[in-house]
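# With the sequence up front, the predicted model follows.
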Amino acid sequence: MDLFEYQGKQYFARYDIALSAGGVALTVDEAVNQAELAQYPVVIKAQVQVGGRGKAGGIKLANNAEEVRTHATNILGMDIKGYVVKRIWVEHASDIAEEYYASFTLDRSAKRHLLMLSAQGGVEIEQVAVTDPTAIVKLYVNPIEGLSLETARRAVVDAQISQKAIDGVAAMLVKLYECFTKGDCDLAEINPLILKPNGEVHALDAKVTLDDNAAFRHPEWDEYRATEELDEREKLAREKNLQYIGLDGTVGIIANGAGLAMSTLDVVNQVGGKAANFLDIGGGANAELMTAALEVINSDTKVKSIFINIFGGITRGDEVAKGIVEAMKRVKLRAPIVIRLDGTNAIEGREIIANAGIDESQLMSRSTMLEAARVAVELAGKN
Amino acid sequence: MAIFVNENTKVLVQGLTGGQGRFHGLRNRDYGTQVVAGVTPGKAGQDVEGIPIYDSVDAAVAATQATASFIAVPPKAAPAAILEAARAGIGFIVCITEGVPAQDEARVFATLQRDFPKTRLLGPNCPGIISPGKCNIGITAGEIAALPTKTGPNVGIVSRSGTLTYQALYELKQLNIGVSTCVGIGGDPVPGTSFVDCLAEFQSDPETHAIIMIGEIGGSAEEEAAEFITNHVTKPMSAYIAGVTAPAGKKMGHAGAIVSGGKGTAQGKMDALRNAGVMIGLNPTEACELMSQIVTAL
């Protein structure tokens, strides 16, 4: 789960990472209140999960209540690359002497935590990565050893960060690492990490991605979940605990396993169709889940045919077949289903489908992925 | 021969008394796998259809000389279960558990590397491993796997995706091509066993004559495999990479872009493998048809 900047900052605050005084606002009046609390001058920042908001006019400086009103009015409701601004973050404007970059991620190849640190922080960091990769110091951290202050300090020196900022940045890195590990982040990034003229170091921005698998031990994440911006189909899928991504095509897809779901998209594309969605019903799919999946697909009015592609491992073919039959009783599907079923209990599953008494024009079985895709794409064109 | 597991492998199941553990543990036994014990704390003395349950992996190993463990426990319990098996001297651990936090996986992997370097972990979040006719650990439906032939040629399969692993097994069976071992390494961020580990084993396994590899978008495991293939694999290979048309995922901030440096797309992975001499199919069926051509020419 990707957090908004303000949520990332609130998360950072739990780990004692220094930030500017500030608060979130949903209305112009709230923005003024937050500005008074943070003290002028303040920066007003649009809360959207997309880059380039500064260039789009989503970040403004305000010196008094009147300016806060003007900018807050403009920014709230603004459309930035398709994302409508619902919240703004108002914080005391910082004097900036220098801008750095710091992040922790998991490096999949090294199977270690990776610190990336640069003295050249700011919006051009990706450019720096391309043109001057040596300006980004990479330090691998063994997850069972952790990051000591000494090691952090060495990385800061290697990154050629100013003498007066070394201790501050090193201490910040240790806290950020704590947030990354104990806080179960996939990504904890500060860009820019700033040095103020008075020598203080603090986080001017926050980019945090949380590991959804760790949600069971973080009840505090519930409030972040509540603000996630999903379309209607995605919301319904989330409620039903399905992995769903909405797309623009006409062939609704249900598959078990992310790999098979992706492969199903590929095959539909290969035979000339376009998928309406990616939907992985996962490893333990049963009748309930299949019903839910069909409800989600059925809510998409663009769908003209549904391609269910199941290969049984943990998922049992008879359960899947029961689910489809049950769902077709509960939901009036607007599109015909083409199913391809193989693997664990597939024979029992195919029998259930054949004996369900459902018209062949509404539910048809095909033996290979390609053949099923061709039929589904043809049906999507016909309807 | 086969890799990692064979007819002599003795398996204990951590979580045999749970729903998934029971279903798949018994299926594995029905397949012919030597499933010798189950482990569930507090249930020692019970049995699951004749398979004795022990309180700890230590006790199960002492009583049965189990050499491998099949872990089917919830995500909260999986890290401790893996380390318990390693401490008890288990050499091969298969963990099918889906949903283990990445931080836990990283710590478990680092702990195994430091304290139990001889223990191999497959997974978490993987379908398991099958050496057809000899041993099946995990959730693969054994009947879809073709038996290897004495004279060959036989194919080894390594895959990051669960269901695509079955797909490949199934297609090879339709094509009458024997399988030496099929390994599902799983798609989690820190898999215990990598493509490279499996390719190295297949390369030195006399029963494996050709290899199919199934990858996915994201990460750089396929690119690393391509480099290894160039330098170390002489057996012919075909491959499929899922996700050519997948929607671009949310980018992991600047850090993701910096780490990947252009790696991670299906196209990039296919190009890397093609340059390493691997034949690329545009769907799983095509990859298996290419394999059919390869083995016919052997």
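Sure thing, it's come through. Everything numeric here is computed off the predicted structure, so don't read it as measured data.
# who are the neighbours in contact with whatever residue of the stretch 201-350 of chain A ends up closest to chain B?
Chain B sits closest to residue A:259 of the stretch 201-350 of chain A, with a gap of 2.3 Å, by CB to the nearest CB. In short, each C-beta sits where N, CA and C put it, glycine included. Shown in contact with residue A:259 (CB atoms under 8 Å, 6 or more residues apart in numbering or on different chains): B:159, B:160, B:161, B:162, B:163, B:164, B:187, B:214, B:216, B:242.
# Which pLDDT value belongs to the last one?
The score at residue B:242 is 90. That number is its pLDDT.
# All the strands of the stretch 51-200 of chain A, in order from the start?
Here the stretch 51-200 of chain A has its strands, by DSSP state E, counting those that start in this stretch, at A:59-62, A:79-80, A:83-84, A:88-92, A:98-107, A:112-118, A:136-141, A:185-195.
# And the first one, how far out from the chain middle?
Looking back up the chat, that one is strand A:59-62. When distances are taken as CA atoms, centre = their mean, to the nearest Å, strand A:59-62 is centred 27 Å away from the chain's centroid.
# list the buried ones in it?
In terms of neighbour count (16 or more other CB atoms under 10 Å in any protein chain shown), strand A:59-62 has its buried residues at A:59, A:60, A:62.
# my guess is the first one contacts residue A:48, does it?
This points to residue A:59. No: contact criterion CB atoms under 8 Å: residue A:59 and residue A:48 do not qualify, at 10.8 Å.
# Below-threshold pLDDT in chain B: ranges please.
Applying pLDDT under 70 to chain B picks out residues B:247-263.
# quick one, what contacts the closest residue to residue A:73 other than its chain neighbours?
Distances taken as CB to CB, 6 or more residues apart in numbering or on different chains place residue A:28 nearest to residue A:73, at 5.5 Å, with adjacent residues excluded. By CB under 8 Å, 6+ apart, residue A:28 lies in contact with A:68, A:69, A:72, A:73, A:76.
# Could you report the distance from residue A:28 to residue B:54?
Distance of residue A:28 to residue B:54, computed by CB to CB, to the nearest Å: 66 Å.
# again with residue B:190
For residue B:190, the distance to residue B:54 - CB to CB - is 29 Å.
# what about the strands in chain B?
Assigned by DSSP state E, chain B shows strands spanning B:10-14, B:34-39, B:47-48, B:51-54, B:68-71, B:92-95, B:120-122, B:128-131, B:135-138, B:154-159, B:178-184, B:210-216, B:237-242, B:279-281.
# Which one of those lies nearest to residue A:252?
strand B:237-242 (18.9 Å; CB to CB).
# The closest one - contacts with which helices or strands?
Counting contacts by 3 or more CB pairs under 8 Å, 6 or more residues apart in numbering or on different chains; DSSP states H and E, strand B:237-242 is packed against helix A:258-270, helix B:162-174, strand B:210-216, helix B:266-275, strand B:279-281, helix B:284-297.
# Within its sheet, name the partner strands of that strand and how each one runs.
Strands that pair with strand B:237-242, judged by DSSP bridges, come out as strand B:210-216 (parallel), strand B:279-281 (parallel).
# tilt between the first one and helix B:266-275?
Meaning strand B:210-216. Counting by axes from the mean of the first three to the mean of the last three CA atoms, to 10 degrees, strand B:210-216 lies at 160 degrees to helix B:266-275.
# and strand B:210-216, how far out from the chain's middle?
12 Å.
# Repeat that for stretch B:115-132.
6 Å.
# Give me the pLDDT for residue A:51.
Note for residue A:51: predicted pLDDT of 79.
# mind listing the strands for the stretch 201-350 of chain A?
Assigned by DSSP E, counting those that start in this stretch, the stretch 201-350 of chain A shows strands spanning A:201-203, A:207-210, A:243-246, A:251-255, A:277-280, A:305-312, A:337-343.
# Reformat the ones you listed as a markdown table; add distance to chain B.
Converted to a markdown table, these look like this (distance: least, CB to the nearest CB, whole Å):
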| stretch | distance to chain B |
| --- | --- |
| strand A:201-203 | 14 |
| strand A:207-210 | 4 |
| strand A:243-246 | 5 |
| strand A:251-255 | 7 |
| strand A:277-280 | 7 |
| strand A:305-312 | 5 |
| strand A:337-343 | 5 |
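# Next, format these as JSON lines and append mean neighbour count.
Formatted as JSON lines, these follow (neighbours: other CB atoms under 10 Å in any protein chain shown):
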{"stretch": "strand A:201-203", "mean neighbour count": "21"}
{"stretch": "strand A:207-210", "mean neighbour count": "23"}
{"stretch": "strand A:243-246", "mean neighbour count": "18"}
{"stretch": "strand A:251-255", "mean neighbour count": "29"}
{"stretch": "strand A:277-280", "mean neighbour count": "24"}
{"stretch": "strand A:305-312", "mean neighbour count": "28"}
{"stretch": "strand A:337-343", "mean neighbour count": "24"}
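# which of these has the lowest average pLDDT?
Here the lowest mean pLDDT among the strands of the stretch 201-350 of chain A goes to strand A:243-246, at a mean of 84.
# Centre of the chain to that strand, how far?
The answer for strand A:243-246 is 12 Å, by CA atoms, centre = their mean.
# Please apply the same query to stretch A:366-383.
Taking CA atoms, centre = their mean, the mean C-alpha location of stretch A:366-383 is offset from the chain mean by 32 Å.
# Run the contact check for that stretch versus chain B.
Yes: for stretch A:366-383 and chain B, the contact criterion (CB under 8 Å from any CB of the partner chain) is met by A:368, A:369, A:370.
# And the residue of chain B closest to chain A?
Nearest residue of chain B to chain A: residue B:161, at 2.3 Å (CB to the nearest CB).
# circling back: now, of the contacts of residue A:259, which are buried?
By 16+ other CB under 10 Å, the contacts of residue A:259 give B:159, B:160, B:161, B:162, B:163, B:164, B:187, B:214, B:216, B:242 as buried.
# and the third one, backbone torsions?
In terms of degrees, to the nearest 10, the main-chain angles of residue B:161 are phi -110, psi 130.
# so it touches residue B:185, yeah?
No: between residue B:161 and residue B:185 there is no contact under CB under 8 Å: 9.4 Å.
# distance between the ends of stretch B:154-169?
In stretch B:154-169, first residue to last residue: 12 Å (CA to CA, to the nearest Å).
# thinking again about what came up before, and the pLDDT at the closest residue to the residue of chain B closest to chain A other than its chain neighbours?
Of all residues not flanking residue B:161 in the chain, residue A:259 sits nearest, at 2.3 Å (CB to CB, 6+ apart). Here, the pLDDT recorded for residue A:259 equals 84.
# ok so, going back, mind listing the shared neighbours of residue B:161 and residue B:185?
Counting by CB under 8 Å, 6+ apart, no residue touches both residue B:161 and residue B:185.
# any idea which helix is longest in chain A?
Looking across chain A with DSSP state H, the single longest helix is helix A:166-182.
# Which neighbouring elements make contact with that helix?
In terms of contacts (3+ CB pairs under 8 Å, 6+ apart), helix A:166-182 is packed against helix A:5-14, strand A:98-107, strand A:112-118, helix A:149-158, strand A:185-195, strand A:201-203.
# most neighbours per residue, which of these?
Ranked by mean neighbour count, the helices and strands packed on helix A:166-182 are led by strand A:185-195 with a mean of 26 (mean count of other CB atoms under 10 Å in any protein chain shown).
# Now that strand - C-alpha only, CSV.
Extracted C-alpha coordinates of strand A:185-195, given in CSV (Å, rounded to 0.1, in the frame of the first residue of the first chain):
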residue,chain,number,x,y,z
CYS,A,185,7.9,-0.9,4.7
ASP,A,186,8.7,-2.0,1.2
LEU,A,187,10.0,1.5,0.6
ALA,A,188,10.9,4.3,3.0
GLU,A,189,12.2,7.3,1.1
ILE,A,190,13.1,10.9,2.0
ASN,A,191,13.6,13.2,-0.9
PRO,A,192,14.7,15.8,-0.1
LEU,A,193,16.3,15.2,3.2
ILE,A,194,17.3,18.7,4.0
LEU,A,195,20.0,20.5,5.9
